[in-house]
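Participant: Pasting the sequence and the predicted coordinates here, then a few questions.
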Amino acid sequence: MALLTLSEVKTYLGVGGTNEDDFLNAVIPQAEAAAARFCRRDSFESGNFTELFDGRGMNEVWLRNTPILSVSSVHDDIENNFDSNTELAASDFAFSADGQLWLKPSAELGSRFLRRGWFANGTNNVRVVYDGGYTAQTVPHDLRLALMELIGFVRGKAGTEAFSSINVGSYARVMRPAFADAWPKDITLLLAPFQHPA
């Protein structure tokens, strides 16, 4: 389900009638996906996500799909089995809505690999399962604006030579692939606060 509705996009773009409905319905999720990729996220939409990290002896990781709503589990397992023996107790870690998840200094030393509040050195040994992202009701206004501007940009550029054609049902339109280097600067500036650290 998209964060933007066809109705609000048409209102923002000043589109009347239904001639472009199929095109806009196809572009809305594509624009949201392209913006999410630009921001190094899986999605802006709320959902359940699983991320793997190299422990590297660090005491924190940064989750991509903010805002973080809840964390279901955190495992630290250099053997990558992620069974109940390697799951951290909820009291061993904390997280913030902006994506930071850290081990508390008082983290329990009983875990096989957790020592002194640091993740073990390993490859993809830290697994975090969490809920994050936005709903249509909670999406920030500047993100909503960036997405509508991106849709307007694609709509305005459709039909030029540099664009490739797409077909949606009986509707055919020419559109450019969503490469961020071609986007207007105001769109990338609006998206910048939502980018995950590299």
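Facilitator: In hand now; what should we look at?
Participant: so where do the strands sit in the protein?
Facilitator: For the chain, applying DSSP state E gives strands covering 47-53, 60-62, 68-76, 93-95, 100-103, 126-132, 164-168, 171-175.
Participant: Can you pull the domain assignment for this structure?
Facilitator: Per the record, the chain has its domains at 6-43+136-194, 47-132, by automatic domain parsing.
Participant: between the strands of the chain, which one is nearest to residue 25?
Facilitator: Nearest to residue 25 among those is strand 164-168 (7.5 Å), distances taken as C-beta to C-beta. In this view, the C-beta of every residue, glycine as well, is placed from N, C-alpha and C.
Participant: deepest of the strands of the chain, which one?
Facilitator: Mean neighbours per residue, mean count of other C-beta atoms under 10 Å, is largest over the strands of the chain for strand 126-132, with a mean of 21.
Participant: mind putting the strands of the chain in JSON lines, distance to residue 19 and mean pLDDT included?
Facilitator: Shown next, in JSON lines, are those (distance: least, C-beta to C-beta, whole Å; pLDDT from 0 to 100):
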{"stretch": "strand 47-53", "distance to residue 19": "33", "mean pLDDT": "97"}
{"stretch": "strand 60-62", "distance to residue 19": "44", "mean pLDDT": "95"}
{"stretch": "strand 68-76", "distance to residue 19": "39", "mean pLDDT": "97"}
{"stretch": "strand 93-95", "distance to residue 19": "46", "mean pLDDT": "94"}
{"stretch": "strand 100-103", "distance to residue 19": "46", "mean pLDDT": "94"}
{"stretch": "strand 126-132", "distance to residue 19": "37", "mean pLDDT": "98"}
{"stretch": "strand 164-168", "distance to residue 19": "13", "mean pLDDT": "50"}
{"stretch": "strand 171-175", "distance to residue 19": "9", "mean pLDDT": "48"}
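Participant: hang on, the earlier thing: and the domains of the chain, which one averages the lowest pLDDT?
Facilitator: Between these, the one with the least mean pLDDT is domain 6-43+136-194; it has a mean of 84.
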